[in-house]
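# need a 3D model of the sequence below.
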Amino acid sequence: MSTASTPAAGVPAAPAAEPHEDPRWGWDRQGRRMGGAAYLVALVLSAAGLAIVVNQVFNLGAFGFRPLSTAFYYLVIAIFLPVAFLAYPARAGDAQRVRWYDWLLGALTIAVGGYLSLNAENILTRGWDIEAPAAPTAVAGVLVLLALEGVRRCGGTLLFVICGVFAVFPLFADHMPGVLWGIQYTAPEAARAHAMGVESIIGIPMRVVSDLLIGFILFGVALVVSGGGTFFMNFAMALMGARRGGPAKVSILASGFFGSLSGSVISNVISTGSMTIPTMKRSGYPAHYAGAVEACASTGGTLMPPVMGAVAFIMASFLNVPYTDVMLAALVPAVLLYLVLLLQADAYAARVGLKGLPRAELPALGATLRQGWVYLLSLALLIYLLVFERIESMAPFYAALLLLATAVVLQKGMGRVRIALDMAVEAGVNIANLVGILAGIGLIVGALSMTGVGTAFSRELVNYAGDNILLLLALGALTSFILGMGMTVSACYIFLAIVLAPALVQVGLNEMASHLFILYWGMLSYITPPVALAAVAAAGIAGAPAMKTGVMAMRLGGVLFLLPFMFVLNPALIGQGSAGEIALSVATAVLSMLMLSAGFERYAYFVGRLPLWSAGLMIAGGLTLMVPEHKTDLVGLVLLAVVYAERLIRGRGPGAERAA
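Reported below is the predicted structural model:
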């Protein structure tokens with residue numbers, strides 16, 4: 001099965017996906033694992049699952065589910081977790097084929113999920129999560145084991161170990177010291193609480209996927225299958241390709257467009273980086289610099305509205321606010337990140353004399369818009385429905401339907417059927433990946449909740465930090481970063497939303513800013529050695545040393561280390577405050593980005609190259625502008641004036657040009 005079907009007339013083909021875009025995948029998107037019967041079963045399950053989700057979201061009443069019924073969540077597991085067992089191999093040797101035990105696990109998951117779905121009423125009314133007969137207790141134990149195997153296949157061994165430890169933590173919680181002490185459970189009690197309680201396997205993470213996120217996954221898949229990836233790449237090239245340092249700017253914009261809709265860092269690096277990184281190298285960028293630009297831009301894409309990543313939807317559930325609130329709060333920090341990346345790429349190109357691509361090699365903006373107007377229209381429709389109509393769960397289905405209808409109408413022959421089939425299976429596999437990961441992560445949430453450790457840990461953290469907010473933030477940043485190296489971003493955020501976010505709120509910090517702070521720091525491991533998964537993936541494409549690429553990505557993405565402190569101490573940057581406060585904060589933040597990029601690249605507009613001491617003053621001034629105080633703003637402006645006055649008195653340095 002190919003992700004990109006034959007393109008419709010007037011619709012650009014989707015870029016060819018790299019095989020094994022995620023090292024955990026056995027399916028290389030060419031069907032060598034999921035061919036034949038596996039493809040057909042995945043198609044049937046995915047189509048059935050999407051139909052059930054649409055029925056639930058639009059409240060059609062076709063399957064008899066009551067609103068918010070737990071039967072629905074068990075059925076989502078029963079349908080999509082088997083697809084994960086088909087798509088993701090149990091071991092490396094199974095990468096090319098589906099084995100008998102994959103089929104067995106899939107069938108067992110359908111049976112277990114179906115049994116619990118049929119008995120959802122008994123679970124709620126008879127309290128089976130606390131006391132249950134032997135049969136449902138045994139079924140609960142099997143579901144816990146299936147969830148652990150799902151997270152091992154979809155999330156990797158390290159995340160499996162973490163989830164496994166938390167799954168059994170209630171068995172010995174009363175033997176743990178200090179803040180780790182909690183209420184003890186027997187094995188049957190823990191199994192029932194995990195599988196039939198409402199705070200573990202079918203807790204917040206699974207509910208977010210089932211109620212809200214599946215529609216956005218479908219929209220992202222529809223965008224790729226119908227050729228949206230190529231359109232956004234061509235759109236970025238038409239806008240920026242001919243300008244100074246054009247290839248790097250194309251990489252930044254294309255990764256921002258694509259990442260904001262896909263929500264996946266690694267797939268973003270591979271899908272856009274396979275085109276942008278070679279172009280940057282041909283234009284004169286060093287291999288490690290090209291890889292670092294792509295890694296930073298792809299990482300930022302998961303923080304860029306309108307879709308962001310799965311964790312943003314989970315955050316909205318934890319905060320009990322509409323997803324739109326999270327999306328709007330993340331907008332300014334994300335724009336600042338991309339602004340500083342563009343400024344640094346431009347300053348680097350100006351300093352070393354790199355030019356843009358020849359116009360003859362670039363697509364025309366008008367022709368690109370004529371061919372891909374449907375993608376911009378679908379994106380505008382999604383934003384309108386989210387922001388103005390506030391129908392978050394339904395909005396992505398309408399936008400996906402627009403994309404699918406357009407592609408099918410423009411396509412000819414059997415290509416129409418192929419588009420629909422590809423979209424169903426691709427969406428099913430993506431949903432299965434999230435279900436596999438988040439069912440396992442639910443065990444962490446459940447263990448912390450049922451033992452009471454989460455609340456105690458947060459309380460003790462506040463006591464330890466005392467009244468020192470900066471110390472508490474530093475501890476939170478360090479914890480988020482360390483956990484981000486071993487967990488997915490969703491797992492890291494969920495864990496810290498329980499044990500750390502309440503502590504930040506308790507000391508008086510803004511709740512939305514506190515949760516975004518955790519999210520941003522959890523993302524940093526993607527561009528920070530020794531893990532730096534995004535940098536490693538980009539380095540492989542660029543043919544550059546992974547560590548060197550990671551160090552450069554950390555420098556280019558340095559603003560990402562500072563932004564969380566900026567908005568957690570100054571909530572105006574996430575739209576919390578009066579219009580005047582927000583405008584002033586955004587203006588000083590933009591000036592700060594200009595000064596930091598000039599300092600890092602040792603190049604300032606209109607005066608050219610900067611000596612080391614001037615670059616140091618620029619960085620110092622940019623940092624002082626980040627502090628939400630009028631006195632520090634004045635210091636930053638004075639340092640900026642000193643640098644420009646000295647440079648202008650001495651005369652413009654070589655390479656002093658206007659921004660291109």
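# alpha carbons only for contacts and neighbour counts from here, please
OK.
# I'd like the next helix or strand past the helix or strand that contains Ile541.
In the assignment (DSSP states H and E), Ile541 maps to helix 533-542. Next along the chain after helix 533-542, taking DSSP H and E as the criterion, comes helix 546-556.
# what's the distance between that following helix and the middle of its chain?
Distance of helix 546-556 from its chain centroid, counting by Cα atoms, centre = their mean, to the nearest Å, is 20 Å.
# what comes up buried for the host helix or strand of Pro396?
Using DSSP H and E, Pro396 sits in helix 395-410. Residues of helix 395-410 classed as buried by neighbour count (16 or more other Cα atoms under 10 Å): Ala395, Pro396, Phe397, Tyr398, Ala399, Ala400, Leu402, Leu403, Leu404, Thr406, Ala407, Val408.
# let me have the residues you listed in CSV, adding distance to Gly178 and pLDDT as columns.
Below are these laid out as CSV (distance: Cα to Cα, whole Å; pLDDT from 0 to 100):
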residue, distance to Gly178, pLDDT
Ala395, 47, 92
Pro396, 46, 92
Phe397, 48, 94
Tyr398, 51, 94
Ala399, 51, 92
Ala400, 50, 90
Leu402, 55, 88
Leu403, 55, 85
Leu404, 55, 82
Thr406, 60, 79
Ala407, 59, 72
Val408, 61, 71
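# between the residues you listed, which is closest to Gly155?
Using Cα to Cα, Pro396 comes nearest to Gly155 of those, at 25.7 Å.
# re earlier: off-centre distance for the helix holding Ile541?
Relative to its chain's centre, helix 533-542 lies at 17 Å (Cα atoms, centre = their mean).
# equivalent analysis for stretch 595-609, please.
What separates the centre of stretch 595-609 from the centre of its chain is 31 Å, taken as Cα atoms, centre = their mean.
# CA-only coordinates of that stretch in PDB, if you can.
C-alpha atoms of stretch 595-609 as PDB (Å, rounded to 0.1, in the frame of the first residue of the first chain):
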ATOM      1  CA  MET A 595      18.900  40.600  18.800                       C
ATOM      2  CA  LEU A 596      19.400  37.000  19.700                       C
ATOM      3  CA  SER A 597      19.600  35.900  16.100                       C
ATOM      4  CA  ALA A 598      22.000  38.700  15.300                       C
ATOM      5  CA  GLY A 599      24.200  37.800  18.300                       C
ATOM      6  CA  PHE A 600      24.200  34.000  17.500                       C
ATOM      7  CA  GLU A 601      25.100  34.500  13.900                       C
ATOM      8  CA  ARG A 602      27.300  37.600  14.400                       C
ATOM      9  CA  TYR A 603      25.400  39.600  11.800                       C
ATOM     10  CA  ALA A 604      23.100  42.500  12.100                       C
ATOM     11  CA  TYR A 605      20.900  44.100   9.500                       C
ATOM     12  CA  PHE A 606      22.200  47.400   8.000                       C
ATOM     13  CA  VAL A 607      25.600  47.200   9.800                       C
ATOM     14  CA  GLY A 608      26.800  43.800   8.600                       C
ATOM     15  CA  ARG A 609      29.100  41.500  10.500                       C
END
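# what's near enough to touch Ala539?
Ala539 makes contact with Ala287, His288, Gly291, Ala292, Pro545, Ala546, Thr549, according to Cα atoms under 8 Å, 6 or more residues apart in numbering.
# I'd like to know how far the fifth one sits from Glu189.
In this structure, Pro545 and Glu189 are 50 Å apart, going by Cα to Cα, to the nearest Å.
# returning to that earlier point: which strands or helices does the helix holding Pro396 pack on?
Packing partners of helix 395-410 (3 or more Cα pairs under 8 Å, 6 or more residues apart in numbering; DSSP states H and E): helix 214-225, helix 365-384, helix 415-451.
# got the CA coordinates for stretch 530-550 in PDB?
Provided in PDB are the C-alpha atoms of stretch 530-550 (Å, rounded to 0.1, in the frame of the first residue of the first chain):
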ATOM      1  CA  PRO A 530      22.600  12.800  23.600                       C
ATOM      2  CA  VAL A 531      19.200  11.700  22.400                       C
ATOM      3  CA  ALA A 532      18.200  14.300  19.700                       C
ATOM      4  CA  LEU A 533      16.000  12.000  17.600                       C
ATOM      5  CA  ALA A 534      15.100  14.700  15.100                       C
ATOM      6  CA  ALA A 535      18.800  15.800  14.700                       C
ATOM      7  CA  VAL A 536      19.800  12.100  14.300                       C
ATOM      8  CA  ALA A 537      17.200  11.500  11.600                       C
ATOM      9  CA  ALA A 538      18.200  14.800   9.800                       C
ATOM     10  CA  ALA A 539      21.900  13.900  10.100                       C
ATOM     11  CA  GLY A 540      21.300  10.600   8.400                       C
ATOM     12  CA  ILE A 541      19.700  12.400   5.400                       C
ATOM     13  CA  ALA A 542      22.400  15.100   5.400                       C
ATOM     14  CA  GLY A 543      25.300  12.600   5.700                       C
ATOM     15  CA  ALA A 544      26.600  14.600   8.700                       C
ATOM     16  CA  PRO A 545      27.800  13.500  12.100                       C
ATOM     17  CA  ALA A 546      24.800  13.000  14.400                       C
ATOM     18  CA  MET A 547      26.400  14.700  17.400                       C
ATOM     19  CA  LYS A 548      27.700  17.700  15.400                       C
ATOM     20  CA  THR A 549      24.200  18.100  13.900                       C
ATOM     21  CA  GLY A 550      22.600  17.800  17.400                       C
END
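# among the helices and strands packed on helix 395-410, which comes closest to Leu171?
Leu171 lies closest to helix 415-451 among these, at 9.7 Å (Cα to Cα).
# in this protein, where is pLDDT below threshold?
Scanning the chain for pLDDT under 70 picks out 1-32, 63-68, 262-263, 410-416, 486, 651-660.
# how near is Ala290 to Met275?
As for Ala290, its distance to Met275 is 11 Å (criterion: Cα to Cα).
# look at those two and report which has more neighbours.
Between Ala290 and Met275, counted using other Cα atoms under 10 Å, the more crowded position is Ala290 (30 against 16).
# OK, contacts around that one?
Neighbouring residues of Ala290 by Cα under 8 Å, 6+ apart: Ala248, Ile277, Met280, Lys281, Ala542.
# redo that, cut-off 6 Å
Going by Cα atoms under 6 Å, 6 or more residues apart in numbering, Ala290 touches Ile277, Met280.
# neighbours around Ile391, how many?
16.
# just His194 next, same as before
Neighbour count of His194, defined by other Cα under 10 Å: 28.
# could you do Leu343 as well?
Neighbours of Leu343 (other Cα under 10 Å): 21.
# what of the one 10 residues further on?
Using other Cα under 10 Å as the criterion, Gly353 is surrounded by 12 other residues.
# also the one 4 residues further on?
Neighbouring residues of Leu357 were enumerated by other Cα under 10 Å; the total is 21.
# roughly how far apart are the residue nearest to it when sequence neighbours are not counted and Thr272?
The spatial neighbour of Leu357 that comes closest, neighbours along the chain excluded (Cα to Cα, 6 or more residues apart in numbering), is Ala242 at 4.8 Å. With distances taken as Cα to Cα, Ala242 is found 18 Å from Thr272.
# of Pro545 and Glu189, who's got more company?
A side-by-side neighbour count of Pro545 and Glu189, using other Cα under 10 Å, places Glu189 first with 20 against 15.
# for the closest residue to that one other than its chain neighbours, grab phi and psi.
Spatially, and ignoring its direct neighbours in sequence, Glu189 is nearest to Ile130 (6.6 Å; Cα to Cα, 6+ apart). Main-chain dihedrals, Ile130, degrees, to the nearest 10: phi -110, psi -50.
# then the one 5 residues further on?
Note on Ala135: backbone dihedrals following degrees, to the nearest 10 are phi -60, psi -50.
# okay, now it: neighbour count?
Using other Cα under 10 Å, Ala135 is surrounded by 8 other residues.
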